[in-house]
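Novice: I'll drop the sequence and a predicted model, then ask my questions.
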Amino acid sequence: MAALKYDGSRRAAAAMAAQMAAVLPPSLAVGTALVPVPLHPAHERRRGFNQALLLARGVARHSGLGVLDCLTRDGRAISQVGRDRAARQAAVGAFAPRPGLRVPRSVVIVDDVITTGATVRGCAAALTAAGARHLGAIAYAATRAR
């Protein structure tokens, strides 16, 4: 995870994505879109990439599903590392669909790590408001709740 997030290792992203694709339910509908969790623009500028987007593209290569980078993130750019559950949920920021993009009815949210679930819930709320009706989520790792 550190090699991907902090070193930008494409090799790590490819291996992680292959493992994630291997556990996707085979019953996912044709037309289901993989939707990466967006980074705050300041974090993406500093890092130079969005690790969830790299993972989504890798999962797409293995699964045949499409990727739709359709969410934006605003709010303050606060790192979630080391924060407890309440602080993480308060600092998630707001998610919204990108203007002009149509959100499909069936989506799978892609993230690198799920800690409290606040980020996935925020993305799910934005996607539901934009018309998604069948939602799932996949992440490479989950941590014990803080």
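Specialist: Sure, I can see it. Numbers count the residues shown, from 1 in each chain.
Novice: shaky segments in this protein?
Specialist: Within the chain, the ranges that satisfy pLDDT under 70 run 75-93, 145-146.
Novice: and the strands in it?
Specialist: 33-36, 66-67, 71-73, 95-97, 106-114, 134-142 (DSSP state E).
Novice: the fourth one pairs with which strands, and in what direction?
Specialist: Strand pairing for strand 95-97, using DSSP bridges, gives strand 71-73 (antiparallel).
Novice: ok, residues contacting the strand it pairs with?
Specialist: 35-41, 93-98, 123, 126-127 (CB atoms under 8 Å, 6 or more residues apart in numbering). C-beta: built from backbone N, CA, C; applies to glycine.
Novice: on that earlier part again, for Met20, which of the strands of the chain is the nearest?
Specialist: Checking these against Met20 by CB to CB gives strand 134-142 as the closest, at 5.6 Å.
Novice: does anything pack onto that closest one? Which helices or strands?
Specialist: For strand 134-142, the elements it packs on are helix 10-22, strand 106-114, helix 118-129, judged by 3 or more CB pairs under 8 Å, 6 or more residues apart in numbering; DSSP states H and E.
Novice: now those as a markdown table including distance to Tyr140 and mean neighbour count?
Specialist: Shown next, in a markdown table, are the helices and strands packed on strand 134-142 (distance: least, CB to CB, whole Å; neighbours: other CB atoms under 10 Å):
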| stretch | distance to Tyr140 | mean neighbour count |
| --- | --- | --- |
| helix 10-22 | 5 | 17 |
| strand 106-114 | 5 | 22 |
| helix 118-129 | 13 | 19 |
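Novice: all set, thanks.
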